[in-house]
Each structure stands twice: as C-alpha cells, then as structure tokens.
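K.L.:
here's a sequence, model it:
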Amino acid sequence: MDFWDSIWEATGISYLMELMKGRKEEKKIQKGQEPLHPTKEREESKYDFNGYLSVVPKTFIYLEQLEMFKTIITNFLYPHLNLDWLAPTGLTKSFMEKVEKFRTSSEYIIFTNFNKRPIKNEDEYSNDIFLLQRLLSYKGFEFDRDEIIRMKMLEDDRQGCSNFKKIISSSNTHTLRDYLENFVVLYKRMISVIRDFSKVYEMAAQNIFSQNKDFYNKLESISVDVGSLKDSESFTPGLEMNFNSENNARQFMLGIAIDATVLIIKLKRLLLENKIELKNDKGEHIGDRELIQMILDIRSAEIVDYDVKRSFLCEFKGPDNAFFSMDLINSNLESEHKGAVLNEMVRLFTKAGKIKDGNKFYQNLLDSESIMNTGIGQNIAIPNAPSDVRDNICVAVGISKKGIDFESFDRRLVKIIFMFTWNEEIFKNASPRIKILARLSRFLKDKPIREALKNAKSEEETFVILKENLAKLDNL
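P.N.:
Numbering: from 1, shown residues only. You can find the predicted model right below:
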C-alpha cells in the first residue's frame, strides 16, 4: 500500500493529483527560438539580506553544520560579516527519542513513501505535510509541521551521506590526502569559488557591480578561475554566479557557503567513520578552518593522475562506449517548456566542455523534434541530435519535478530526460542513433529505476543510480 492509499484508508480524505489541472497551454517551439544564454541576467533581488541570513540556521539540522557555515563565511568568503547572532535551532533530545521510536515501528514506511515524493511547489508540499500529520496522528504518532520537516531533513541527510560515500570512496582512499584530493576532483568548481570569492567581491565593488567584459578581464588578470566561477551555481534555487548587484552577490555567497558546509560535514563524517585522523603534515590536530585551508591549497594540477581519478569518481562509459558524467546531470530542471528545457540541457554539454557549438546542437535538436517527437511515454523523453562532441557518444540526464509537455502519445508530462549526441564525422554513415534509442528505451522500462530517478534529490544520487544500474544495458 503506498502513501496515498494509506491516506485514503486512514482519513477518508480524497486527494487526487490532477496532473493536467491548471497547466498552461505549452507554446510550440519554433525554429530558431530559445537562443542559448550562457549567463542569466537577473534583476536585483528584493530579498532583505539579513532576513535571508536569519533563516540559514533552519537549513541545517546539526549544530556542527551551523558552526562550519560560520567558519566558511568569516574566514574565506566575507570576513567583515558578523555571524555571532545566528542562533542554532538544533535537535532536542525528546525529538530524537520520538523519531527513533517512530523509525523502529512498522508505520515508518508511511513517512518513507512520503519522503520519496518530489516537491513540486510550496502549496502542494504544505498540503502533503498536513495530510501526513493526520495520518500519523491516526496511527498514534504526534508530529507538528516543523518536526516533520526536520525528520525529512534527517532522512535526506542520511541518504545523502550514503551516496557521497559511494562516490568519494570509489577511487583509492587510504590517507587524509587521498580523501581531500578526491574531494577537490569532485567539487573543483565550488572550491575555486570559495578560493576566489573575496577577490571577486572586492573587484565587483570597485566595478560598481557591473558584469561587463572588462570586469572578467580584470578577474583573469588577478588569476581568478573565471570559467569555474561562471559555471558555478549556488544553493539558492535558480541563482547562478551573479555580481551585478551587491545583494545578488551576497545571496550567491550564502548559497555557496551552504553547499560547502553540507559537503565538508559529510567529508568529516566519512573521515571519522574510516578512522582517518585530522592532522597536518606536522602531526598536529587541525580544526575546521585548517581543514578547509588544506582543501583550498590543493590545486588540480598538483594531483597525480588527475584525469584517472576523475574518471573513477564521476565518469563512466556505458554500453557502446557512451559517456556519462556527473557534470552532465541536472536533478532539478527549472524550465517549464519543451524548447527551454532542451536549451537548459544543452548547456550541460557546453559547461562541461563536451561540445563547443551549443547553438548548432540546439538547432539540430529542434530540427530532430520537428521530424520525430522524442517523448516516448511513461514520463520519459530521449531527445537526440549530432553535434561537434569530442566523445563518440555523450549522454546527459535531466530530472523535472514539475514535468514538461513533450506531446507524448500517453499525454503524460515528461520528468526523465536522457539527451544524447554523437559526432557524425566519427560515425560517418553508421549513425548510432537507433541502437542507443532502443537500449535507453528498454532500460527505462524498468519501473523501479524510473521511480528512483524521478525521486533523486541530488546530482550525486542520480549518478549513483545510473552507475549502479546502467550495467543492465549490456544484457539488453
């Protein structure tokens, strides 16, 4: 019995998800529509910075996370910011005892099923929590709204740590240096931003927060990794690197700090689990600030066999040598229209450096879609077209929580997109299109895999799902 069947049985409340209700008519994509924009131009945010900062503690569930956040901000990003007033919310002993009692009960599956559901919008999420509260109360477990959100964060944190462990330990890890190098390989862009942020912020202020060409030239002149900076995205939904206003720059900073906090805490837990002592070269125990500095001091060029490590950690070749990479995954697509989402996924290829002419590839996709609709039903689409890709076959994966109209024959909105491309000069007249389409289509017929992908909460989780299951393609 799934979550919503339980709701019906326990409360008699009818909750029908009308997928098509209220959905605006999707506009048809036209040839040449939706040009690529490598960097979004955003108006200055209307959010109050201090107000935004004040809710940061609610983003975390452990005191150590808030302390790590403060360390990152005050030591590496914006030393002038006073964060002493940020108060931890913490997890009370009584709450944790209540959660543990619930976890050991047979009713915990109800919460597990609830937690698998993707969050589409705030109103629906609030309604889901209300219904869950009523159901749990009926079963003898009393949780208020905030407690359910905290319990969800605990479950997400536990799953996130599991996926992080699988990825970062997939290459040889015996010493502290091994773990730190793997961390740098995996999160190079984020680390570059932390390393350069204070210099960029100071330069932006001098430039009166104008992101013109001269601004980027000045950054390059002071050895800022502009490529990583432009490609970075922060925790703040939809907010990419943006220094065209002081408020936007600060919000971007908070997002990067939250991302880094979560990841470094996971790293520390993994080190503790594997009994790796936090000591420097002199054998002295180090704190959070020293650990972060050790990470920042590791440059990609200094890592022996960097490409080999990267291949082990976040890349793999599937059947027919199709290339998959964590850089080619977006587990939370923002676009709501077909043309826009094709654009968004093309940018995965260009940002990862897999193709040079993104506009040409995008146009090829539009031409292909005009000939054959790639929405194959069951919430799946497999858009594809040739490009100047340097690998034989390259695959990107995108997950949409809301769903996008691809005019599929079963009228279902698409939530899982596998986009692939190939180089015609390599394959000549032997296009791999039909073979790859067939393999991916059959692979995605596996309902548990589809559900796992739709419910994935991060690029890391999506990557683990793909890597663990794509071997099945060899047997198709």
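K.L.:
the closest residue to V99 other than its chain neighbours sits in which helix or strand?
P.N.:
Sequence neighbours aside, M151 is the residue nearest to V99 in space, at 5.8 Å (criterion: CB to CB, 6 or more residues apart in numbering). In this view, the C-beta of every residue, glycine as well, is placed from N, C-alpha and C. Using DSSP states H and E, the element containing M151 is helix 145-168.
K.L.:
who's in contact with the residue nearest to V99?
P.N.:
By CB atoms under 8 Å, 6 or more residues apart in numbering, M151 lies in contact with V99, F102, F111, F143.
K.L.:
one more time with 7 Å
P.N.:
When contacts are counted by CB atoms under 7 Å, 6 or more residues apart in numbering, M151 is found next to V99, F111, F143.
K.L.:
rewinding a little: CA atoms of the helix holding M151 as PDB?
P.N.:
Once non-C-alpha atoms are left out, helix 145-168 reads as follows in PDB (Å, rounded to 0.1, in the frame of the first residue of the first chain):
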ATOM      1  CA  ARG A 145       4.800  20.600  10.900                       C
ATOM      2  CA  ASP A 146       8.300  21.700  11.800                       C
ATOM      3  CA  GLU A 147       9.100  18.300  13.300                       C
ATOM      4  CA  ILE A 148       8.100  16.500  10.100                       C
ATOM      5  CA  ILE A 149      10.300  18.900   8.000                       C
ATOM      6  CA  ARG A 150      13.200  18.200  10.400                       C
ATOM      7  CA  MET A 151      12.600  14.400  10.100                       C
ATOM      8  CA  LYS A 152      12.600  14.800   6.400                       C
ATOM      9  CA  MET A 153      15.900  16.600   6.600                       C
ATOM     10  CA  LEU A 154      17.400  13.900   8.800                       C
ATOM     11  CA  GLU A 155      16.300  11.200   6.200                       C
ATOM     12  CA  ASP A 156      17.700  13.200   3.300                       C
ATOM     13  CA  ASP A 157      21.000  13.800   5.200                       C
ATOM     14  CA  ARG A 158      21.300  10.000   5.900                       C
ATOM     15  CA  GLN A 159      20.700   9.100   2.200                       C
ATOM     16  CA  GLY A 160      23.000  11.900   1.000                       C
ATOM     17  CA  CYS A 161      25.900  10.700   3.200                       C
ATOM     18  CA  SER A 162      25.400   7.200   1.700                       C
ATOM     19  CA  ASN A 163      25.700   8.500  -1.900                       C
ATOM     20  CA  PHE A 164      28.600  10.700  -1.000                       C
ATOM     21  CA  LYS A 165      30.500   7.800   0.500                       C
ATOM     22  CA  LYS A 166      29.900   5.600  -2.600                       C
ATOM     23  CA  ILE A 167      31.300   8.300  -4.900                       C
ATOM     24  CA  ILE A 168      34.200   9.600  -3.000                       C
END
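K.L.:
so where is the stretch 201-350 of the chain shaky, pLDDT-wise?
P.N.:
Under the criterion of pLDDT under 70, the regions of the stretch 201-350 of the chain flagged as low confidence span 211, 232-241.
K.L.:
on the pLDDT front, check L476 for me.
P.N.:
According to the prediction, L476 has pLDDT 48.
K.L.:
one more: E155?
P.N.:
We have a pLDDT of 85 for E155.
K.L.:
now do the one 3 residues further on
P.N.:
pLDDT for R158: 82.
K.L.:
quick one, strands of the stretch 301-450 of the chain?
P.N.:
Under the criterion DSSP state E, counting those that start in this stretch, the stretch 301-450 of the chain contains strands at 315-317, 322-325, 329-330, 375-377, 380-381, 384-386, 393-404, 414-422.
K.L.:
which one of the ones you listed lies closest to S228?
P.N.:
With respect to S228, and counting by CB to CB, the nearest of the strands of the stretch 301-450 of the chain is strand 322-325 at 16.0 Å.
K.L.:
mind listing the strands that closest one pairs with, and their directions?
P.N.:
Here strand 322-325 has these sheet partners by DSSP bridges: strand 315-317 (antiparallel), strand 393-404 (parallel).
K.L.:
avg pLDDT for the helix or strand that the helix holding M151 is followed by?
P.N.:
Tracing the chain C-terminally past helix 145-168 and defining elements by DSSP H and E, one meets helix 176-186 next. For helix 176-186, the per-residue pLDDT values average out at 93.
K.L.:
buried residues of helix 176-186, list them for me.
P.N.:
Of the residues in helix 176-186, those buried under the neighbour-count criterion (16 or more other CB atoms under 10 Å) are L176, D178, Y179, L180, E181, N182, F183, V184, V185, L186.
K.L.:
could you do stretch 399-408 as well?
P.N.:
For stretch 399-408, the neighbour count (16+ other CB under 10 Å) marks I399, S400, K401, K402, G403, I404, D405, F406, S408 as buried.
K.L.:
ok, now stretch 434-441?
P.N.:
Buried residues in stretch 434-441, counted by 16+ other CB under 10 Å: I436, L437, R439, L440, S441.
K.L.:
do stretch 365-379 as well
P.N.:
By neighbour count with 16+ other CB under 10 Å, stretch 365-379 contains the buried residues L365, L366, S368, E369, T374, G375, I376, Q378, N379.
K.L.:
quick check, nearest of those to Q133?
P.N.:
Proximity of the buried residues of stretch 365-379 to Q133 was ranked by CB to CB; the top entry is N379 with 28.8 Å.
K.L.:
need the single longest helix in the chain, by residues.
P.N.:
Assignment by DSSP state H gives helix 246-273 as the longest helix of the chain.
K.L.:
could you say what helices and strands the helix or strand just after that one packs with?
P.N.:
On the C-terminal side of helix 246-273, the nearest following helix or strand under DSSP H and E is helix 288-297. Packed against helix 288-297, as judged by 3 or more CB pairs under 7 Å, 6 or more residues apart in numbering; DSSP states H and E, are the following elements: helix 63-72, helix 176-186, helix 188-206.
K.L.:
switch the ones you listed over to JSON lines; also include distance to A352.
P.N.:
JSON lines is the format used below for those (distance: least, CB to CB, whole Å):
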{"stretch": "helix 63-72", "distance to A352": "26"}
{"stretch": "helix 176-186", "distance to A352": "14"}
{"stretch": "helix 188-206", "distance to A352": "11"}
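K.L.:
so for S126, which of the ones you listed sits nearest?
P.N.:
With respect to S126, and counting by CB to CB, the nearest of the helices and strands packed on helix 288-297 is helix 63-72 at 24.7 Å.
K.L.:
mind giving me the packing neighbours of the helix or strand just after that closest one?
P.N.:
If you walk from helix 63-72 toward the C-terminus, the next helix or strand you reach (DSSP H and E) is helix 93-103. Counting contacts by 3+ CB pairs under 7 Å, 6+ apart, the secondary-structure elements packed against helix 93-103 are helix 145-168.
K.L.:
how far away is the residue lying closest to N364 once chain neighbours are set aside from S94?
P.N.:
If you skip the residues right next to it in sequence, N364 has A385 as its closest partner in space, 3.6 Å away by CB to CB, 6+ apart. Counting by CB to CB, to the nearest Å, the separation of A385 from S94 is 57 Å.
K.L.:
which one of those two has more residues nearby?
P.N.:
When A385 and S94 are compared for neighbours, A385 comes out ahead with 22 against 8, by other CB atoms under 10 Å.
K.L.:
so that one makes contact with L366?
P.N.:
No. Using CB atoms under 7 Å, A385 is not in contact with L366, being 8.5 Å away.
K.L.:
coming back round to it: pLDDT wise, what is the residue nearest to V99 at?
P.N.:
At M151 the predicted local distance difference test score is 89.
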